[in-house]
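> just need the structure, nothing else, for what follows:
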Amino acid sequence: MKGKSGDKIHSDVWIHTHALVDAGARIGTRTRVWAFAHILSGAVIGEECNICDHSFIEGNVVLGNRVTVKCGVYLWDGVKAEDDVFIGPAVVFTNDLKPRSRQYPESYAETFLQQGCSIGANSTIIAGTTIGAWSLIGAGSIVTKDVPAYGVVWGNPAKFQYWMCKCTERICFEDSDKFVCHCGKIYELDTEGKKVKLCP
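Numbering: from 1, shown residues only. Alright, predicted model coming up:
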């Protein structure tokens, strides 16, 4: 259906007059869909999301709650995002590792965006990758492999730079395998130095 300003396809959903939301799309309460966005039938979008101008969401896309999709982002079949994910403007996703014109695979590679991760503007995410919880991808990066939880990566191809807390303070382990952030959260580094976990 074509949205009109103030349309309610679900209680408390706002759709701009120039947005297009197909029948069969599921959109949670307090989500806002802005001008020239197009959401296909079958797409699932959670509560309190912000779908910005000129975005496109295919029918096999699932977004959690409080997800931000900035302007000029196209989410293809196979993209799944948990709660609190930020997708910056003009981020590019792929879903076919061997594309040919008018040849359609039986299924598409899944790209999984874990809770709280942030993807900087104009980055490219290669299909089949997992972006770890509360990680951050620097603007303009080309992500070709999984990003660890709490990791900060950037570059072409994107490479690990350092660890970062949910509050965005840099995590520095120095001579210890534990770090206490000023916000009170405690992190632990595994013995191989490749994973960080938030201590209970």
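
> CA only for contacts and neighbour counts going forward, please
Will do.

> okay, residue 9: pLDDT?
You'll see residue 9 listed with a pLDDT of 52.

> buried residues in the longest strand seen in the chain?
Across the chain, the longest stretch assigned as strand under DSSP state E is strand 159-164. Of the residues in strand 159-164, 159, 163-164 count as buried by neighbour count, 16 or more other C-alpha atoms under 10 Å.

> can I get the residues you listed in JSON lines including distance to residue 13?
Listed next are those as JSON lines, based on distance: C-alpha to C-alpha, whole Å:
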{"residue": "159", "distance to residue 13": "39"}
{"residue": "163", "distance to residue 13": "36"}
{"residue": "164", "distance to residue 13": "34"}
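
> how about those residues in a markdown table, adding pLDDT and distance to residue 23?
Compiled in a markdown table, the buried residues of strand 159-164 are given as follows (pLDDT from 0 to 100; distance: C-alpha to C-alpha, whole Å):
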| residue | pLDDT | distance to residue 23 |
| --- | --- | --- |
| 159 | 98 | 41 |
| 163 | 96 | 42 |
| 164 | 97 | 41 |
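
> just to revisit the earlier point, which strands border the very next helix or strand once past the longest strand of the chain, and is each parallel or antiparallel?
Remark: after strand 159-164, the chain's next helix or strand is strand 170-171, criterion DSSP states H and E. Paired strands of strand 170-171, with direction, are strand 159-164 (antiparallel) (DSSP bridges).

> picking that back up, and the longest strand of the chain, C-alpha only, in CSV?
The C-alpha coordinates for strand 159-164 follow below in CSV (Å, rounded to 0.1, in the frame of the first residue of the first chain):
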residue,chain,number,x,y,z
LYS,A,159,41.0,-4.7,9.7
PHE,A,160,40.7,-4.8,13.5
GLN,A,161,41.9,-1.7,15.3
TYR,A,162,40.9,-2.0,18.9
TRP,A,163,38.1,-2.9,21.3
MET,A,164,35.4,-0.5,22.4
